[in-house]
Each structure stands twice: as structure tokens, then as C-alpha cells.
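Engineer: here are the coordinates; sequence isn't available:
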């Protein structure tokens with residue numbers, strides 16, 4: 001089925017699990033998980049054949065979560081502040097940190113006021129010349145970038161610690 005031992009090893013180590021031990025079974029489970037009643041039985045059968053023949057291969061996160069309890073198919077987030085208030089900016093910060101710490105993925109935040117401030121600074125305006133709203137949103141953007149970095153570094157440290165502990 002697999003063209004190389006390397007690709008078979010990737011399947012076995014990353015995607016195969018109880019209930020989806022073979023590529024054929026994983027394809028069936030994935031189509032049922034994702035498509036359910038959204039496709040006819042014939043269309044699902046055809047999609048399964050395409051996948052089994054490797055004419056169509058879904059993204060890795062779909063392969064990984066097929067048949068598993070947790071489903072993180074979409075792990076990219078787009079957030080924005082609903083209102084330009086301190087409370088809403090704090091809520092935005094909480095949402096961004098929650099996204100980074102619970103489901104993984106990347107976070108994009110629409111910070112229009114920060115963007116305007118960055119453009120003004122780029123055109124020669126001093127930070128002191130900007131309105132408090134622009135200064136605040138630029139600072140928040142910096143805080144969120146640093147929070148994301150801390151989460152990533154913490155994950156790397158935990159992963160490295162786990163690998164180190166499991167090596168002995």
C-alpha cells in the first residue's frame with residue numbers, strides 16, 4: 001500500500017490507532033467522521049476509494065483526529081476586539097491566551113488601531129504623538145506576541161523534558 005517504509009512508519013507512528021489500524025480503515029473512519037450525513041453513500045464510497053488509492057489525501061490533522069474523541073480539525077483562530085475598551089482588550093487577551101494554551105494552533109488578531117499606529121510611526125510620527133488608543137493597542141499586540149512566545153517555549157521545554165525523562 002505505502003510506497004516506502006518511511007511513509008508506512010509515519011502512518012504507523014502518527015496516524016494509526018485502535019479502530020483505524022490500517023490505511024483503508026483510517027480512510028473509512030475519516031470520511032464517516034467528517035462527512036457523516038452530508039454526502040450520499042455512493043459519494044462517500046467514492047471518496048474512500050480515492051483516499052485508499054492515495055489520489056486524495058486530507059491534511060494531517062484530519063488523518064490524526066479521525067476516530068479519536070478529541071477533534072481539533074480547525075486549529076487556527078482569528079480574533080478581534082468587539083469594542084475599543086480596556087475590558088474588551090483584556091477579554092481579547094484572555095481569548096488569545098486560551099487559544100494558545102488549550103487547542104494549539106495559530107492566532108491572528110485584527111488590531112486595526114495597532115496597524116494604524118505602526119503605519120504612522122513608520123511615516124515618522126513619534127510614539128508620544130499617537131493617541132492613547134493606538135499606544136494601547138500596540139502594547140497589547142506586543143504583550144500577545146510575548147504570551148504566544150512563552151506558550152511555545154513552555155511547550156518546547158515540556159516536550160524536551162518528556163523526551164529527556166523517557167530516554168533514561
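Structural biologist: Nice, I can see it. These numbers were taken from a predicted model, which means no experiment stands behind them.

Engineer: May I have the beta-bridge partners of residue 78?
Structural biologist: Using DSSP bridges, the beta-bridge partners of residue 78 come out as residue 108.

Engineer: Near it, how many other residues are there?
Structural biologist: Residue crowding around residue 78 was assessed by other Cβ atoms under 10 Å; the count is 10. For glycine as for every other residue, the C-beta is placed from the backbone atoms N, C-alpha and C.

Engineer: and this structure, what are its domains?
Structural biologist: By the assignment in automatic domain parsing, the chain contains the domains 5-65, 76-167.

Engineer: What about residue 97, how many residues nearby?
Structural biologist: Number of residues near residue 97 (other Cβ under 10 Å) recorded here: 17.

Engineer: Comparing the domains of the chain, which yields the minimum mean pLDDT?
Structural biologist: Ranked by mean pLDDT, the domains of the chain bottom out at domain 76-167, which scores a mean of 60.

Engineer: So which bits of stretch 37-46 are buried?
Structural biologist: residue 44 (16 or more other Cβ atoms under 10 Å).

Engineer: Endpoints of it, how far apart?
Structural biologist: Stretch 37-46 has its terminal residues 15 Å apart, counting by Cα to Cα, to the nearest Å.

Engineer: For this structure, which segments count as strands?
Structural biologist: 76-80, 106-110 (DSSP state E).

Engineer: Can you tell me which helices and strands the first one packs against?
Structural biologist: So that's strand 76-80. Helices and strands touching strand 76-80, by 3 or more Cβ pairs under 8 Å, 6 or more residues apart in numbering; DSSP states H and E, are helix 86-102, strand 106-110.

Engineer: For the ones you listed, please prepare CSV with the additional fields distance to residue 11.
Structural biologist: As requested, the helices and strands packed on strand 76-80 are exported to CSV (distance: least, Cβ to Cβ, whole Å):
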stretch, distance to residue 11
helix 86-102, 27
strand 106-110, 26
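
Engineer: looking at these, which is closest to residue 45?
Structural biologist: The closest of those to residue 45 is strand 106-110. By Cβ to Cβ, the value is 34.9 Å.

Engineer: how many other residues sit next to residue 25?
Structural biologist: Neighbour tally, residue 25, other Cβ under 10 Å: 15.

Engineer: Could you find the closest non-adjacent residue to it?
Structural biologist: Take residue 25 and drop its neighbours on the chain: the residue closest to it by Cβ to Cβ, 6 or more residues apart in numbering is residue 19, 7.4 Å away.
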